[in-house]
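> Generate coordinates for the sequence data below:
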Amino acid sequence: LLFVLFSRYSWNLDDTVGGKDDEINPDVLGYIFEKYINQKAFGAYYTRPEITEYLCEQTIHKLILDKLAEVSQPVPGLPAPPQFETIGDIYTKLDAPRASHLIHHILPNLSLLDPACGSGAFLVAALKTLVNIYQGIIGRITFLKDNALKQWLEQQQQQHPSLDYFIKKTVITNNLYGVDIMAEAVEIARLRLFLALVASAENVADLEPLPNIDFNILPGNSLIGLLRVDEKRFSHYTDKSKGSRIIQPDQATQLGLFSAGRAVTYREIVSEKNRLVAQYKDASSYSDDLQVLRDHISAHRQTANATLNQILLDEFSELKIMFEQATWDVKKNKPGKAKKRPLTLADIEGLDPFHWGYEFDEVMNERGGFDAIITNPPWEALRPQAKEFFTDYSNVVSKKKMSIEAFKEKQKELLNDTEIREAWLDFLSRFAYQSHYYRIAPQYSHQWAVVNGRKTGSDINLYKLFTGRSFDLLRNGGQCGIVIPTGICIDLGATGLRKMLFNHTRINGIFGMENRRLVFEGVHRSIKIAILSFTKGEQSEAFPATFMRDDVNELSYFPNENALSLNVDLIEKMSPDTLSIMEFKGNVDVQILKKLVAFPLLGQDIENTWKLSLTREFDMTNDSDLFETEVDSGFLALYEGKMIHQFDHQFRPPRYWVPEQKGRKGLLRRTLDENQKLDYQNYRIGFRSAGENTNIRNFIATIIPKNAFCGNSIISSQEINNDWKLLLYLSAIFNSF
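Next comes the predicted model:
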């Protein structure tokens, strides 16, 4: 039966709009890969073509229009040059000088990056976008009476059996860059591009040698590594007088690098690498010599990376970051206090660092960064996920619905196995030092902000790190299109990133959508997604946005028909501390808000009056070791969102209790406990942190009784002058329509 099914398909590589139903599209590779890897562990999900194509068009079209605008400035005394407002104007208004500039200068030099490329969905979409532009310009050339352009076109047609194949190969070789931490994903991304290229050949005679893109699309950790290289610091490790590594005669002969026995500068090393890579890319056929050249480049990279990793190790050490080896307390039969030690080069190498300033030297150092970044990065929190780890050791744990207490029992049982316990301790040890780096490294300063005197950004999420990293990798004027959770708009931990977006970029659009129609398979239907685009190096005053959409096809006419115009000044008035962006349904909401901000905010400091301060106490995952499933003397109830309803704190009984003394210690952290009165000892307003639009009531609030703790699914107010009448009044307001 399986062979009968397969025999129905022609197994051609269809990449055309009018492809037949029985032909296989190369995109199926990416779908298979991203659907069947461990999505939860790697945060990788298949991105629909509607999204990849939209973001590629938004970023690449704007890049080209901006570059054309630079060469289309009016000159006194000469006829006014054509103005291009849309990419369609190029196909109808383009003149010979600008066509030549596009073909010979703008298009060949565009650098387009996906720093979390996965199986290459965005790279393939970028390929299609650029190919369409090339074809439009070539079509325009046939109508222009320009001998030089016609001669160029005739020359390409004579040299290449298929013009489409030649254009695709040019784009793949010159314009596309990708990095991913999974080496398997990188291989599939390369293969997918090759298949997209081969799909343009109608017969065997149209085929030419495939492009050599081994050093355009590379494996590595995009978030760890040197953006640019301090050449003096590099020389410190290659200076003979300091006893550092010198390229020896046998290595110099093998690699074809430099004269033997002398120290070499960083600029010499990277220039030689660039020369070898250019030679490799220009090779016209596969041969033994090409394999030797590839090995030379790999050896060169290995040699240079050893020094670059040493520089990165110094950076970690200067930040006083230590390795924290997890241990096991045999007496208590649970993890003990971590043992700290200085980091080693092996620890840095274990992070798979990717050194952008070395690998893509020309783009980062000569051009100032990439022209465009188009990506859908991982969305996972950077912390040890116990359930994910133990899934590999137990079929029971892999079940979706499993209570905390049942999991704890199973985890305890599994950890009795010495081999599993050692693997678990090694797993725990991987996180602390890199998390510490993200929290304090200067290049990640946008990950945090100070709100109400407290530093935000303690929750490290990969999507936030990639948003900041993408900004750093762009040149001024570069374009970014990124798919991330709508937490970028509202999360307290994303406050620093919103400041970055408002003050150092021009936001081109935020398309917010819900996953109710499973646009992202494997992601919960309640997850909200933001499709964000911005230009680096400018400032946002107002930007188009829309929220709570569920039809991905609406992207095709965003922001022209379905967008609100949000003013940054209004956002600052509404949320001066956190700059949170409300998810407005329509213009009526915006008009209501404009009236509201004329009055004092709930959290505003006003002399001789109260203000509302919101707080979150215990995290249901990170603080789960405090939770007990049976009540005992001195234990206080832990309130969760599901336990309350409007005006009702007894909607459901508690599942967990917290020993009061342990709870106080958890709340005070490093502050000395002097029996001071804490929030949990007062009446407070609490409301569910999440509400669904499909529920009967969306905002659910009540009074939390004295002497009770709250989990993260309840946001609670701090004491308001101990005024219970005021608390009741606010509860009534919150619960009203």
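> Just the CA coordinates for stretch 699-718, please, in CSV.
The C-alpha trace of stretch 699-718 is given here as CSV (Å, rounded to 0.1, in the frame of the first residue of the first chain):
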residue,chain,number,x,y,z
PHE,A,699,-11.2,40.3,34.5
ILE,A,700,-11.6,38.3,37.7
ALA,A,701,-10.6,39.9,41.0
THR,A,702,-11.3,39.4,44.7
ILE,A,703,-9.9,40.2,48.1
ILE,A,704,-7.1,37.8,49.2
PRO,A,705,-7.4,37.0,53.0
LYS,A,706,-4.7,37.7,55.4
ASN,A,707,-1.9,35.2,56.0
ALA,A,708,-1.9,33.6,52.5
PHE,A,709,0.7,33.4,49.8
CYS,A,710,0.1,33.8,46.0
GLY,A,711,1.4,31.9,43.0
ASN,A,712,2.3,33.5,39.7
SER,A,713,-1.1,33.0,38.3
ILE,A,714,-2.4,35.6,40.7
ILE,A,715,-1.2,39.2,40.5
SER,A,716,-1.7,40.9,43.9
SER,A,717,-1.7,44.5,45.1
GLN,A,718,0.6,45.6,47.8
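> Same question for it: list its buried residues.
For stretch 699-718, a neighbour-count test (16 or more other C-beta atoms under 10 Å) marks 700-704, 708-717 as buried. In this view, the C-beta of every residue, glycine as well, is placed from N, C-alpha and C.
> Likewise for stretch 217-233?
Under the neighbour-count criterion of 16+ other C-beta under 10 Å, stretch 217-233 has 217-220, 222-226, 229, 233 buried.
> Would you tell me which one of the residues you listed comes nearest to residue 736?
The shortest approach to residue 736 among the buried residues of stretch 217-233 belongs to residue 223, at 45.1 Å (C-beta to C-beta).
> Tell me if I'm right that the closest one and residue 464 touch.
No: contact criterion C-beta atoms under 8 Å: residue 223 and residue 464 do not qualify, at 10.5 Å.
> Just put the buried residues of stretch 217-233 in a markdown table and tack on distance to residue 58.
Listed next are the buried residues of stretch 217-233 as a markdown table, based on distance: C-beta to C-beta, whole Å:
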| residue | distance to residue 58 |
| --- | --- |
| 217 | 22 |
| 218 | 26 |
| 219 | 28 |
| 220 | 27 |
| 222 | 22 |
| 223 | 24 |
| 224 | 29 |
| 225 | 28 |
| 226 | 30 |
| 229 | 32 |
| 233 | 39 |
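> Look over the residues you listed and name the one with the lowest pLDDT score.
Taking the buried residues of stretch 217-233 together, the minimum pLDDT is found at residue 233 (86).
> how close does the nearest residue to residue 638 once chain neighbours are set aside get to residue 708?
Spatially, and ignoring its direct neighbours in sequence, residue 638 is nearest to residue 656 (4.3 Å; C-beta to C-beta, 6 or more residues apart in numbering). Separation of residue 656 from residue 708 (C-beta to C-beta, to the nearest Å): 11 Å.
> circling back to that earlier point, the residue nearest to residue 638 and residue 619, how far apart?
On the measure of C-beta to C-beta, residue 656 and residue 619 end up 13 Å apart.
> the more surrounded of the two?
With neighbours defined as other C-beta atoms under 10 Å, residue 656 and residue 619 compare such that residue 656 has more, 22 against 14.
> Give me the pLDDT for that one.
Per-residue confidence at residue 656 stands at 95 (pLDDT).
> likewise the one 4 residues further on?
Model confidence at residue 660, expressed as pLDDT, equals 95.
> hang on, it packs against residue 633?
No: in this structure, residue 660 is not within contact of residue 633 by C-beta under 8 Å, at 9.8 Å.
> so residue 299 sits in a helix?
Yes: counting by DSSP: H, G, I helix; E, B strand; the rest coil, residue 299 falls inside a helix.
> Measure how buried it is and give me the count.
Applying other C-beta under 10 Å, we find 15 residues neighbouring residue 299.
> Please report how far it lies from residue 606.
Taking C-beta to C-beta, one finds residue 299 at 68 Å from residue 606.
> ok, back up a step: now render the buried residues of stretch 217-233 as a markdown table, adding secondary structure.
Converted to a markdown table, these look like this (three-state DSSP):
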| residue | secondary structure |
| --- | --- |
| 217 | strand |
| 218 | strand |
| 219 | strand |
| 220 | coil |
| 222 | coil |
| 223 | coil |
| 224 | coil |
| 225 | coil |
| 226 | coil |
| 229 | coil |
| 233 | helix |
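> returning to that earlier point: specify which residue of residue 660 and residue 633 has the higher count of neighbours.
Comparing residue 660 with residue 633 by other C-beta under 10 Å, the one with more neighbours is residue 660, at 16 against 6.
> contacting residues around that one?
By C-beta atoms under 8 Å, 6 or more residues apart in numbering, the contact set of residue 660 is 634-636, 707.
> What of residue 529?
Neighbour list for residue 529: 483-486, 512-515, 519-520 [criterion: C-beta under 8 Å, 6+ apart].
> quick one: which of these is nearest to residue 666?
residue 485 (27.3 Å).
> Once you drop chain neighbours, what's closest to the closest one?
residue 379 (5.7 Å).
> Quick check: which element contains that neighbour?
Assessed by DSSP states H and E, residue 379 sits outside every helix and strand.
> is it true that it touches residue 462?
Yes: with contacts defined as C-beta under 8 Å, residue 379 counts as touching residue 462 at a distance of 6.6 Å.
> what about the chain, any weak spots by pLDDT?
For the chain, residues meeting the criterion pLDDT under 70 lie at 1-3, 5-45, 78, 238-263, 284-288, 396-402, 404, 692-694, 719, 721.
> residue at max distance from the center of it?
residue 77 (49.0 Å; C-alpha atoms, centre = their mean).
> Contact partners for residue 68?
84, 90, 98, 101-102, 106.
> From residue 75, how far out is it?
15 Å.
> Same question for residue 197.
According to C-beta to C-beta, residue 197 stands 41 Å off from residue 75.
> So for these two, which sits in the more crowded spot?
Using other C-beta under 10 Å, the more surrounded residue of residue 197 and residue 75 is residue 197, with 24 against 8.
> send the alpha carbons of stretch 271-278 over as CSV?
The C-alpha coordinates for stretch 271-278 follow below in CSV (Å, rounded to 0.1, in the frame of the first residue of the first chain):
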residue,chain,number,x,y,z
SER,A,271,42.1,38.4,5.5
GLU,A,272,43.6,35.1,4.7
LYS,A,273,40.4,33.3,5.8
ASN,A,274,38.3,35.7,3.6
ARG,A,275,40.6,35.0,0.6
LEU,A,276,40.3,31.2,1.0
VAL,A,277,36.5,31.4,1.4
ALA,A,278,36.2,33.6,-1.7
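> Can you list the buried residues in that stretch?
Quick answer for stretch 271-278 (16+ other C-beta under 10 Å): 272-274, 276-277.
> Among these, name the ones in strands.
Among the buried residues of stretch 271-278, DSSP state E puts none in strands.
> and which of these is nearest to residue 354?
Of all the buried residues of stretch 271-278, residue 273 has the smallest distance to residue 354: 14.7 Å, by C-beta to C-beta.
> List the contacts of that closest one.
Neighbours of residue 273 in contact, by C-beta under 8 Å, 6+ apart: 297, 300-301, 304, 358, 361.
> Where do the strands of the stretch 301-450 of the chain begin and end?
322-325, 328-329, 334-335, 339-342, 370-375, 450-451 (DSSP state E, counting those that start in this stretch).
> Mind putting these into a markdown table with mean neighbour count and distance to residue 645?
Conversion of these to a markdown table gives the following (neighbours: other C-beta atoms under 10 Å; distance: least, C-beta to C-beta, whole Å):
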| stretch | mean neighbour count | distance to residue 645 |
| --- | --- | --- |
| strand 322-325 | 17 | 43 |
| strand 328-329 | 12 | 42 |
| strand 334-335 | 14 | 37 |
| strand 339-342 | 12 | 47 |
| strand 370-375 | 27 | 41 |
| strand 450-451 | 14 | 30 |
